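K.L.:
have a look; sequence and predicted model below, questions after that.
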Amino acid sequence: MTEVIALAAEPRARAGKGTARQARRDGRVPAVIYGGKQAPVMISLNALAFGKILHQPGFFTHLFDVTVDGSTERVLPRDVQFHPVTDVPLHVDFLRVSKDTTISVAVPCEFVDQDKSPGLKRGGVLNIVRHELEVTCAADNIPDHITVSCANFDVNDSIHISSVTLPAGVTSTITDRDFTIATIVAPSGLKAEAAESEGGEAAAEG
C-alpha cells in the first residue's frame, strides 16, 4: 500500500498570478487542494522541503496528509507544473481523497524472475515497453509497484497484461486489449546465428 507523507502548508489568501509570483519569491510553491465536493483550498508549500519530496520515486502514487491552519486533509498529487527552463515546480494540484475514492494512477513496474527466463539466460534482452501501468483502485490501496514476472519467457516472447497478477482491488485501466508490457529480444549473436541457419537451409533447398 502507498505511503502517507505528512506535509505542512500555509493558506493563500487568493488565487491569481500576482499572488503566485509573490509566493515563489518568498521561497514557496503555490498549490491547490480540490475535489471531494468541497470548495478548493489555496495553499503554498515550502519550496525546499517540497523539492526533496517531489524527486523521490513514486511521488504521484503517495498519499499526503496536508495540514493547513491546524486542519489536515488527505490528498493525492495529480499534477505539477514546471518552469520550462529551470524545471523548478511552479504549481501543484492535489486531489482530496477518502477511503471511498476510486482513482486511476500510473504505477511503476518491477520486473522479477529474470533468472528464470530461458530467453534472458540465453543472452536475450528485456525490452520494456511500459515502465508504468495505468491502474484503477481505491485511493488508500495504491500499490507501490506492479510485479511483472519474466519466468518461462523465451526469446521473441511478449509479456502481456493478461500474464500479470495484479494486487487485490487493483484493475488495469485499459480493458479493451491484452497489451504488451515487455518483450524478450534476441541479442545480435543469436540474430546472426538465426540468419546463418536460415541462409543455410535456403541454400540446401536450392
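P.N.:
Perfect, I can see it now. It should be emphasised that the depicted structure is a prediction, and the values quoted were computed from it without experimental measurement.

K.L.:
can you name the residues bridging to the residue nearest to residue 164 when sequence neighbours are not counted?
P.N.:
The spatially closest residue to residue 164, leaving aside those adjacent along the chain, is residue 148, at 5.6 Å (C-beta to C-beta, 6 or more residues apart in numbering). To be clear about C-beta, it is placed using only N, CA and C from the backbone, and glycine gets the same treatment. Assessed by DSSP bridges, residue 148 has beta-bridge partners residue 111.

K.L.:
any idea how far residue 4 is from residue 148?
P.N.:
Counting by C-beta to C-beta, to the nearest Å, the separation of residue 148 from residue 4 is 26 Å.

K.L.:
looking at these two, which is more packed in?
P.N.:
Using other C-beta atoms under 10 Å as the criterion, residue 148 and residue 4 rank with residue 148 on top: 21 against 12.

K.L.:
show me where this structure has strands.
P.N.:
Assigned strands in the chain, in chain order: 4-11, 28-34, 41-46, 63-68, 71-82, 89-96, 102-112, 125-128, 132-138, 146-149, 158-160, 171-172, 180-185 (criterion: DSSP state E).

K.L.:
of all those strands, which one is nearest residue 118?
P.N.:
With distances scored as C-beta to C-beta, the stretch of those nearest to residue 118 is strand 180-185 (8.7 Å).

K.L.:
about what we covered before: who are the contact partners of the residue nearest to residue 164?
P.N.:
Residue 148 makes contacts with 109, 110, 111, 112, 159, 164, 181, 182, as judged by C-beta atoms under 8 Å, 6 or more residues apart in numbering.

K.L.:
let's see that with 6 Å instead.
P.N.:
Shown in contact with residue 148 (C-beta atoms under 6 Å, 6 or more residues apart in numbering): 109, 111, 164, 181.

K.L.:
and it, what pLDDT?
P.N.:
At residue 148, the predicted lDDT confidence score is 98.

K.L.:
check residue 138 too.
P.N.:
93.

K.L.:
beta partners of it?
P.N.:
For residue 138, the residues forming beta bridges with it (DSSP bridges) are residue 102.

K.L.:
turn the strands of the chain into a markdown table, including distance to residue 57.
P.N.:
Written out in a markdown table, the entries for the strands of the chain read as follows (distance: least, C-beta to C-beta, whole Å):
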| stretch | distance to residue 57 |
| --- | --- |
| strand 4-11 | 13 |
| strand 28-34 | 20 |
| strand 41-46 | 19 |
| strand 63-68 | 15 |
| strand 71-82 | 14 |
| strand 89-96 | 17 |
| strand 102-112 | 7 |
| strand 125-128 | 16 |
| strand 132-138 | 12 |
| strand 146-149 | 14 |
| strand 158-160 | 22 |
| strand 171-172 | 22 |
| strand 180-185 | 19 |
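
K.L.:
how about those, which one is nearest residue 18?
P.N.:
strand 28-34 (11.1 Å).
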